[in-house]
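Asks: sequence? don't have it. structure:
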């Protein structure tokens, strides 16, 4: 158990819909990262927050957004969903902004039908 | 543009033998490298890391080798055990505030 909690574990939704994925980091960690794992794309970095502020942005679509709340939990919002958005979405956390090791949650499986 | 490449999607090894997983990178600014292991239905977990000031780091059955001139690193597992069967991700970062960049992973199967 990494200490990073993600909900929901599985989600099936229709194209065009909007979903929210939630992440609670490890106790004491201030950074939260979101990664997407598609079938043949490995782990693609989406976005990082540190203590409520956006710190780094990767290959995140404009239809996607994220935020980190004062209690340090984070949400990833995915809207106007397309079939290609079906993937495993991982949240990870670390203590600092540039930590060498990050700790992953178990992921949220999103299936868009 | 894949900055971290794991060119072997899968690898099969007999129990007790050595497993060698390879990783190449293109960004010469990377200075810290990690291997993560992922079992089905679980998130990736940190396995071992190496800084660019070293060329080898060992932790029990796991050893990571770094060849900076070739921009290549490898993970050696010896002896391999059935419980090592998993997907292994290579990751790298540079010294700035940059998140980890991951490869696509190599699925290792250790056959008893």
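Replies: Perfect, thanks for sending it. Source: prediction; values computed, not measured. Numbers count the residues shown, from 1 in each chain, chains lettered A, B, ... in the order given.
Asks: use CA for all of it now, contacts and neighbours both
Replies: Will do.
Asks: okay, how far is it across stretch B:19-31, tip to tip?
Replies: Between the start and the finish of stretch B:19-31 there is a gap of 24 Å, counting by C-alpha to C-alpha, to the nearest Å.
Asks: what's the offset of whichever strand or helix holds residue A:110 from the middle of its chain?
Replies: Taking DSSP states H and E as the definition, residue A:110 sits inside strand A:108-112. In this view, strand A:108-112 has its centroid 12 Å away from the chain centroid, taken as C-alpha atoms, centre = their mean, to the nearest Å.
Asks: list the contacts of the residue nearest to residue B:78 when sequence neighbours are not counted.
Replies: Distances taken as C-alpha to C-alpha, 6 or more residues apart in numbering or on different chains place residue B:18 nearest to residue B:78, at 4.7 Å, with adjacent residues excluded. For residue B:18, the contact set (C-alpha atoms under 8 Å, 6 or more residues apart in numbering or on different chains) comprises B:76, B:77, B:78, B:79, B:80.
Asks: ok but the first one is inside a helix, no?
Replies: Same thing as residue B:76. No - using DSSP: H, G, I helix; E, B strand; the rest coil, the assignment for residue B:76 is strand, not a helix.
Asks: for the residue nearest to it when sequence neighbours are not counted, give me the pLDDT.
Replies: If you skip the residues right next to it in sequence, residue B:76 has residue B:20 as its closest partner in space, 4.7 Å away by C-alpha to C-alpha, 6+ apart. According to the predicted model, the pLDDT of residue B:20 comes to 98.
Asks: can you count the residues close to residue B:20?
Replies: For residue B:20, the count of nearby residues is 16 (other C-alpha atoms under 10 Å in any protein chain shown).
Asks: ChimeraX command for the buried members of the contacts of residue B:18?
Replies: To isolate in ChimeraX the members of the contacts of residue B:18 that are buried, counting by 16 or more other C-alpha atoms under 10 Å in any protein chain shown, one can use:
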select /B:76,77,78,80
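Asks: export the contacts of residue B:18 to JSON lines and tack on distance to residue A:86 and pLDDT?
Replies: Listed next are those as JSON lines, based on distance: C-alpha to C-alpha, whole Å; pLDDT from 0 to 100:
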{"residue": "B:76", "distance to residue A:86": "33", "pLDDT": "98"}
{"residue": "B:77", "distance to residue A:86": "33", "pLDDT": "98"}
{"residue": "B:78", "distance to residue A:86": "37", "pLDDT": "97"}
{"residue": "B:79", "distance to residue A:86": "37", "pLDDT": "97"}
{"residue": "B:80", "distance to residue A:86": "34", "pLDDT": "98"}
